[in-house]
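**Q** requesting a structural model of the entry that follows:
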Amino acid sequence: MDRRLFLQSALAAGVSASLTSRHALAAQFSALTQVSADIAAVSGDRLELTLEQAAVQELSDSLRGNLLLPGNAAYEKARHVLNPGIDKRPALVVQPNGATDVRLAVEFAAERNLLLAVKCGGHSYAGKSTCDGGMQIDLSTLRHTRVDAASRTANVAGGSLLAGLDREAMAVGLVTTAGTVSHTGVGGLTTSGGFGRVGRRFGLALDNVKSVDIVTADGQLRHASADENPDLYWGVRGGGGNFGVVTNFEFALHPMQRTVVGGEILFPLAMARDVFELYRDYALSGPDELYCDLMMMSPMEGTDGLAGVHVCWSGAESKAEKVLAPFYALGTPAVDAVKSRDYVEIQQSWDNTDPRTNAEYLKSGFINDMPDSLLDKIHEGLEPMDRRSVTLYFQHSGGAIGRVPAADTAFAQRNSKANMILIVGWPNEDAAEPHVNYTRRYWDTLAPSTDGYYTVDTADESEKVRHGNYQGNFARLQKVKKKYDPTNLFRLNANIKV
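**A** Have a look, this model is predicted:
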């Protein structure tokens, strides 16, 4: 065959194959977004309503991202959160790829008073990022991180996971507080507080927010900072998802070396009291560079329980041995996983401990101290079972977190030494009621020692408890809510009512 003819034939075949592939993709996309009938839905007050076929199709056509309906595989993935005990089915799912898509989705929901859920990483234990019969805005298609090393800032899209922030910032020797599980979504974590392994040095994630871009209930995209919409800037730092959908966070970054010393030091469950007392007497008042979580774990299937700490020392590596020596003085650990690590590595080290293959129920509360009476109740209430796991976990706070005045941000619990978290799990096929009831009974004995709770963990609290949790900041938060979301469109959160 003539070489020119061969090349022309090959090119034609390539173009044909490309067009065929594009047509196939276009057909798949058309099937994905085609609206064939009216859609039954519910309002924010759980009243039945109907979404007209033409209106939903118009919304779909206006988006650069996706609109997903029941029956589509992508819909099934989007509607789920990490807790498999949550099984809710939105009437429709919007996956935006930009702020304009978010605006269109919010306007559509607001015009119809449609129940609205917003999902970032899907870590909500209570399932607040999905819903039955409403609209879910799934931000998984709105992810990127851009770091400016010169100004020590990072711009992070509202649907991003923390892994991207850690990776991009640490690549230029910078860091900010970003949780302890790297597949956590930036939105839920940051607007509620944002603890993490360097929080005692650099404050909560929300303490490092310089500005946000946020779509409020009227569908407007607003910039909020200390100088622009300062009331909204104040409220979004601790008020959770009450005010809108954040499409971009601007974070302050801090210089830090890549290498930290950390991991788990775990002892047999019989030593739990010794571990708890050391944590109270030493770790809670440790230096800012020491992050130390306390844990007591009674797994399923009768396996041996453990008690111990997870540590991350981000100070000078030469000082780590002396700082951690009191933990080793307790005796020979059953597990000693402490070593020098890359910071990004330790930030990812718990990613596989959070698959949530079992159903789970959680209660949490901040503690300002750990009296003997609390330690007594902790050990009296533990009831291991073959088909139940019980984890009591204390996430370290204090340090820089506690040096921010409570009125400076909407986050009120600045006196906290730790967030005490009780997590009970069971096989998803088992009835939930016995395990949930046990959790509540156990927690009722611990709750008197708490001072409010972390709003990202909100589940079934009453309105009085939710409102009281904002403490002296509540009245100001009500004013911000009334201004930016007077109809309470954004209600699937630690909700503020006006």
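
**Q** residue boundaries of the strands in the stretch 101-250 of the chain?
**A** Using DSSP state E, counting those that start in this stretch, the strands of the stretch 101-250 of the chain run over residues 116-119, 135-138, 145-148, 153-157, 174-175, 209-215, 221-225, 245-252.

**Q** for the stretch 301-450 of the chain, same thing?
**A** Secondary structure of the stretch 301-450 of the chain (DSSP E, counting those that start in this stretch): strands located at 306-313, 335-336, 339-342, 359-367, 389-396, 418-426.

**Q** what does the second one rub up against?
**A** Where contact means CB atoms under 8 Å, 6 or more residues apart in numbering, the residues beyond strand 335-336 that reach it are 263-266, 306, 308. Bear in mind the C-beta positions are built from the backbone N, C-alpha and C, glycine included.

**Q** got it, and the fifth one?
**A** Contact with strand 389-396 is made by 180, 195, 199-200, 279, 283-284, 291-300, 358, 367, 378, 382-384, 417-426, 442, as judged by CB under 8 Å, 6+ apart.

**Q** can you list the domain ranges for the chain.
**A** 1-32, 39-137, 145-255, 259-463 (automatic domain parsing).

**Q** any idea which of those domains is most buried?
**A** Among those, domain 145-255 has the highest mean neighbour count (mean count of other CB atoms under 10 Å), at a mean of 22.

**Q** now the nearest residue to Q257 once chain neighbours are set aside: how far from R258?
**A** Residue nearest to Q257 in three dimensions, not counting chain neighbours: G173, with 7.5 Å by CB to CB, 6 or more residues apart in numbering. Counting by CB to CB, to the nearest Å, the gap from G173 to R258 is 7 Å.

**Q** go on, K497?
**A** Counting by CB to CB, the gap from K497 to R258 is 46 Å.

**Q** in the protein, what secondary structure element scores lowest on mean pLDDT?
**A** Across the helices and strands of the chain, mean confidence by mean pLDDT, DSSP states H and E is lowest for helix 3-33: a mean of 41.

**Q** after that one, next one along is what?
**A** Next helix or strand after helix 3-33 toward the C-terminus (DSSP states H and E): strand 39-42.

**Q** run through the stretch 151-300 of the chain and note the low-pLDDT ranges.
**A** The stretch 151-300 of the chain contains no residues with pLDDT under 70.

**Q** helices along that one, start to end?
**A** 162-170, 186-192, 199-202, 230-236, 272-281 (DSSP state H, counting those that start in this stretch).

**Q** out of the ones you listed, flag the one nearest G127.
**A** Nearest of the helices of the stretch 151-300 of the chain to G127, taken as CB to CB: helix 186-192 at 12.2 Å.

**Q** on contacts alone, who are the packing partners of the closest one?
**A** Counting contacts by 3 or more CB pairs under 8 Å, 6 or more residues apart in numbering; DSSP states H and E, helix 186-192 packs against helix 162-170, strand 245-252.

**Q** tell me what the nearest residue to T259 once chain neighbours are set aside is bridged to.
**A** Closest residue in space to T259, ignoring its immediate chain neighbours: S340 at 5.5 Å, by CB to CB, 6+ apart. Here S340 sits in beta bridges with V261, as judged by DSSP bridges.

**Q** touching stretch 472-490 from outside, list them.
**A** The contact list for stretch 472-490 (CB under 8 Å, 6+ apart) reads 44, 106, 109-110, 113, 116, 118, 216-218, 231-232, 234-235, 238-239, 241-245, 406-407, 410-412, 467-468, 470, 495-498.

**Q** now swap in stretch 56-75 and tell me
**A** Stretch 56-75 is contacted by residues 32-35, 39, 78, 89, 91-98, 100-101, 104-105, 108, 138, 141 when judged by CB under 8 Å, 6+ apart.

**Q** ok, stretch 404-415 next?
**A** So stretch 404-415 is contacted by 192-193, 203-204, 206-207, 234-239, 366, 368, 401-403, 451-452, 454, 469-473, 476-477 (CB under 8 Å, 6+ apart).

**Q** export the helices and strands packed on helix 186-192 to TSV and tack on distance to K319?
**A** Output for the helices and strands packed on helix 186-192, formatted as TSV (distance: least, CB to CB, whole Å):
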stretch	distance to K319
helix 162-170	21
strand 245-252	26
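
**Q** which one of these lies nearest to L374?
**A** Comparison of the helices and strands packed on helix 186-192 against L374 by CB to CB identifies helix 162-170 as nearest, at 30.7 Å.

**Q** which secondary structure elements does that closest one contact?
**A** Using 3+ CB pairs under 8 Å, 6+ apart: helix 162-170 touches strand 145-148, strand 153-157, helix 186-192, helix 343-348.

**Q** from G315, how far off is the residue nearest to Q257?
**A** Taking CB to CB as the measure, G173 falls 16 Å from G315.

**Q** same question for L63.
**A** Per CB to CB, L63 is found 48 Å from G315.

**Q** next: C292.
**A** To G315, C292 is 13 Å away according to CB to CB.

**Q** thought N97 was touching T141?
**A** Yes: taking CB atoms under 8 Å as the definition, N97 is a contact partner of T141 at 5.0 Å.

**Q** picking that back up, make JSON lines out of the strands of the stretch 101-250 of the chain and add distance to G187.
**A** Listed next are the strands of the stretch 101-250 of the chain as JSON lines, based on distance: least, CB to CB, whole Å:
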{"stretch": "strand 116-119", "distance to G187": "7"}
{"stretch": "strand 135-138", "distance to G187": "11"}
{"stretch": "strand 145-148", "distance to G187": "13"}
{"stretch": "strand 153-157", "distance to G187": "9"}
{"stretch": "strand 174-175", "distance to G187": "20"}
{"stretch": "strand 209-215", "distance to G187": "10"}
{"stretch": "strand 221-225", "distance to G187": "14"}
{"stretch": "strand 245-252", "distance to G187": "5"}
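
**Q** L51 is nearest to which of these?
**A** For L51, the closest of the strands of the stretch 101-250 of the chain is strand 135-138, at 9.0 Å, according to CB to CB.

**Q** who does the closest one pair up with?
**A** Using DSSP bridges, the strands paired with strand 135-138 are strand 92-95 (parallel), strand 116-119 (parallel).

**Q** picking up where we left off before, can I get the domains of the chain in a markdown table including distance to N488?
**A** Putting the domains of the chain into a markdown table (distance: least, CB to CB, whole Å) gives the following:
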| stretch | distance to N488 |
| --- | --- |
| domain 1-32 | 32 |
| domain 39-137 | 7 |
| domain 145-255 | 8 |
| domain 259-463 | 12 |
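
**Q** who does the residue lying closest to H435 once chain neighbours are set aside bridge with?
**A** Spatial nearest neighbour of H435, excluding adjacent residues (CB to CB, 6+ apart): W426 at 4.6 Å. Beta-bridge partners of W426, counted by DSSP bridges, are A359.

**Q** I figured W426 hits D386, correct?
**A** No: W426 lies out of contact with D386 (CB under 8 Å); the separation is 10.3 Å.

**Q** identify the contacts common to those two.
**A** Common contacts of W426 and D386 (CB under 8 Å, 6+ apart): M300.

**Q** V424 reaches R388, doesn't it?
**A** Yes: contact criterion CB under 8 Å: V424 and R388 qualify, at 6.4 Å.
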